[in-house]
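Student: coordinates only, sequence not included:
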């Protein structure tokens, strides 16, 4: 049985950490932060969820989606690096700007690269944490972490 305080922390801190990860991701290409740090914070939120629920429940919900997330993240990161070749250099920033109603939106290859890196970090870190938790339970995914 999972401890009551871990379930409470899971309900309160997991959404907070995911919002923090989103904020770190969004400010990353202009200021400190970015895909790697946002991915680590999101992985920490998922680890807290593992501790608050169980390895089996989290593995059932996320387990089959993690390795494809890594593959898609690598594809996005490499593609954004290669797009710079069309602008004159590998990893050169290419920006697209458009207007959506009253907002002007500017998206570029640094943002897509950060997205790919974040996806890889979340996928690999959570896969590692799930497998580590399984091993600590003796391979029994029905037990608690």
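Tutor: In hand now; what should we look at? These numbers were taken from a predicted model, which means no experiment stands behind them. Numbers count the residues shown, from 1 in each chain.
Student: averaged over its residues, what pLDDT does stretch 114-133 have?
Tutor: Averaged across stretch 114-133, pLDDT comes to 91.
Student: just stretch 69-81 next, same as before
Tutor: Taken as a whole, stretch 69-81 has an average pLDDT of 93.
Student: Give the buried residues for that stretch.
Tutor: Applying a neighbour-count criterion of 16 or more other C-beta atoms under 10 Å, one finds 69, 70, 73, 76, 77, 80, 81 buried in stretch 69-81. In this view, the C-beta of every residue, glycine as well, is placed from N, C-alpha and C.
Student: Doesn't the first one lie inside a helix?
Tutor: It stands for residue 69. Yes: secondary structure of residue 69 (DSSP: H, G, I helix; E, B strand; the rest coil): part of a helix.
Student: Might you report the residue contacts of it?
Tutor: Contacts for residue 69 were tallied using C-beta atoms under 8 Å, 6 or more residues apart in numbering; they are 119, 120, 122, 123.
Student: if you set the cut-off to 7 Å instead, what comes out?
Tutor: Residues in contact with residue 69, defined by C-beta atoms under 7 Å, 6 or more residues apart in numbering, are 119, 122, 123.
Student: what's the burial count for the last one?
Tutor: Right, the one you point to is residue 123. Residues within reach of residue 123, counting by other C-beta atoms under 10 Å, total 23.
Student: for it, helix, strand, or coil?
Tutor: Residue 123 ends up helix, using three-state DSSP.
Student: right, and it touches residue 74 too?
Tutor: No: using C-beta atoms under 7 Å, residue 123 is not in contact with residue 74, being 9.4 Å away.
Student: how about the lowest-mean-pLDDT helix or strand in the chain: buried residues?
Tutor: The least trusted helix or strand in the chain, going by mean pLDDT, DSSP states H and E, turns out to be strand 103-108, with a mean of 84. Judged by neighbour count using 16+ other C-beta under 10 Å, the buried positions of strand 103-108 are residue 108.
Student: ditto for stretch 111-129
Tutor: For stretch 111-129, burial by neighbour count (16+ other C-beta under 10 Å) applies to 111-127, 129.
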